[in-house]
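A.B. asks: I'd like to go over a predicted model; first the sequence, then the structure.
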Amino acid sequence: MPMMNQEPVLFLFNSPLASGCDYVLQTMRIVSGAHPVHGISLGDIIFFPRFLLSKDRWIVRTIGGALVFRPVSLLPGVRFRSIRMLTYVSVVMLVHIYLALQYRNTRKVVWFFEPFHIPPLLGILRGYTKLYDCVDYYPGFSPAAKKEHDVCMGKADLIFANSVPLAAQLRKQRRDTQPVPLGFTPELFSASRAVPRGVNTQPFTVGYVGSISDRIDFPLLDQIVKQLPYVQFMFIGPLERNVFGKTDTAADQLQSLCRYANVMWTPAVPKSRIPSVLKRIDVGIIPYRSSLLFNRFSFPMKTLEYFAAGKPVISTEIEALKPYRKNGLLYIVSTPRQAVMSIRTLKRNGWNYSKQTMQGREAFRQSWEIKVREILRRISVL
């Protein structure tokens, strides 16, 4: 193993640790093999009295080889942005002082994935090499996210995008944006490769694994489910309300969809169980609203999970997935009729081993190791 580089890397991330935040944990795990790693879990912010009553009491935790700090607010009202930002600024300043004392006269790197709350924190970390690992198209998320994204794009020294189409969009602002692999955990699937269930499997099952929110095209699903009463539809993942910062009807639309006899919803399963869950389905579906730019320029992780499990995929119009249509690894649909025809075709003809093999190769080519090693190489030559 090569000697560890003593340049510390500080991760700023918005997802709570309990959410699984796979892209954060996997990245920190790999980087910690080459650098001292610290993280600030912005999403785990908590008011001090509530912290004292919590069963999950922690301020500093070692996870994935990283020393992670939790923001604890002495002021009530952490749901308000002003209180949150005051707490974030205080914690970042303390960690900044700690790193300055611990790693004197050494270059430091700050690595972040989303723009939320980040611009004021970058102002504190002057002199750090700033790395924006952009995992989604945030200008399409909300006007507020676009403003923060634009600031991050201006301040970052290195910018990476997890797909070629996303990189092309970001290059309209920064021509030096570099595409890298999405990031995928092959270890989950290497010992549990799925086998086609065959043409006459009963019931034929279409499955979706992931968060259920306003990103989903519920009217499209309603028409598909209604026209295929002999097909089982299985949705596995937590319901997320008001994802785009405004009140939405995702909960009502999910409830309406579940009224159909051929629809089943399971709120969540552990990440480790996803391979076994995917063995129960015949087709993986990605029914995102492609009218949302945030969706259109995303690269859903579930695509690679479906691929690794050897399942055919039906998706709405997502730019990063279109190349897979050319080699027959998935179907792209824009109407209920196209989706229904694709499901009927797959039910009738099944899925062949050669396509499974191609899917597996693509999934394993997008591993976290490959992605993170490429980014670390770029950091080393900066």
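C.D. replies: Right, received. Where do you want to start? Residues are numbered from 1 along each chain as shown.

A.B. asks: From F48, how far off is L67?
C.D. replies: For L67, the distance to F48 (C-beta to C-beta, to the nearest Å) stands at 21 Å. C-beta coordinates here come from the backbone N, C-alpha and C atoms, glycine included.

A.B. asks: And these two? Which one has more around it.
C.D. replies: Using other C-beta atoms under 10 Å, the more surrounded residue of L67 and F48 is L67, with 18 against 12.

A.B. asks: Was I right to think that one contacts V37?
C.D. replies: Yes: here L67 lies in contact with V37, judged by C-beta atoms under 8 Å, at a distance of 7.2 Å.

A.B. asks: Tell me the spatial nearest neighbour of E7, not counting adjacent residues.
C.D. replies: The shortest distance from E7 to any non-neighbouring residue, by C-beta to C-beta, 6 or more residues apart in numbering, is to R107 (5.0 Å).

A.B. asks: Determine the three-state secondary structure at that neighbour.
C.D. replies: Under the three-state scheme (DSSP: H, G, I helix; E, B strand; the rest coil), R107 adopts coil.

A.B. asks: now do the one 4 residues further on
C.D. replies: With three-state DSSP as the basis, W111 sits in strand.

A.B. asks: beta partners of it?
C.D. replies: F11, L131 (DSSP bridges).

A.B. asks: Okay, now the unreliable bits of the stretch 101-250 of the chain?
C.D. replies: Applying pLDDT under 70 to the stretch 101-250 of the chain flags the ranges 191-202.

A.B. asks: How are the strands of it distributed by residue range?
C.D. replies: Using DSSP state E, counting those that start in this stretch, the strands found in the stretch 101-250 of the chain span residues 109-112, 129-134, 158-161, 178-179, 205-209, 232-236.

A.B. asks: who's in contact with the third one?
C.D. replies: Put plainly, it is strand 158-161. 129-134, 153, 167, 169-170, 174, 176-180, 375, 378-379, 382 (C-beta atoms under 8 Å, 6 or more residues apart in numbering).

A.B. asks: Could you pick out the buried ones from those?
C.D. replies: Buried subset of the contacts of strand 158-161 (neighbour count, 16 or more other C-beta atoms under 10 Å): 129-134, 153, 167, 169-170, 177, 179-180, 375, 379.

A.B. asks: Closest one of these to F364?
C.D. replies: F364 lies nearest to V180 out of those, by C-beta to C-beta, at 15.6 Å.

A.B. asks: Could you double-check that that closest one lies in contact with V135?
C.D. replies: No: counting by C-beta under 8 Å, V180 stays clear of V135, with 10.4 Å between them.

A.B. asks: so what sits against both of the two?
C.D. replies: Taking C-beta under 8 Å, 6+ apart as the contact rule, V180 and V135 both touch N162.

A.B. asks: What pLDDT does the model give Y324?
C.D. replies: For Y324, the pLDDT comes out at 96.

A.B. asks: Just confirm it is within a helix.
C.D. replies: Yes: counting by three-state DSSP, Y324 falls inside a helix.

A.B. asks: can I get the CA coordinates of stretch 38-49 in PDB?
C.D. replies: Presented in PDB, the C-alpha positions along stretch 38-49 are these (Å, rounded to 0.1, in the frame of the first residue of the first chain):
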ATOM      1  CA  HIS A  38     -12.600  14.600   8.100                       C
ATOM      2  CA  GLY A  39     -16.300  15.300   7.500                       C
ATOM      3  CA  ILE A  40     -19.100  17.700   8.600                       C
ATOM      4  CA  SER A  41     -22.500  16.100   8.500                       C
ATOM      5  CA  LEU A  42     -24.600  19.200   7.900                       C
ATOM      6  CA  GLY A  43     -27.800  17.100   7.700                       C
ATOM      7  CA  ASP A  44     -27.400  15.800  11.200                       C
ATOM      8  CA  ILE A  45     -27.700  19.300  12.800                       C
ATOM      9  CA  ILE A  46     -29.600  19.100  16.100                       C
ATOM     10  CA  PHE A  47     -30.700  21.500  18.900                       C
ATOM     11  CA  PHE A  48     -28.700  21.000  22.100                       C
ATOM     12  CA  PRO A  49     -31.600  20.100  24.500                       C
END
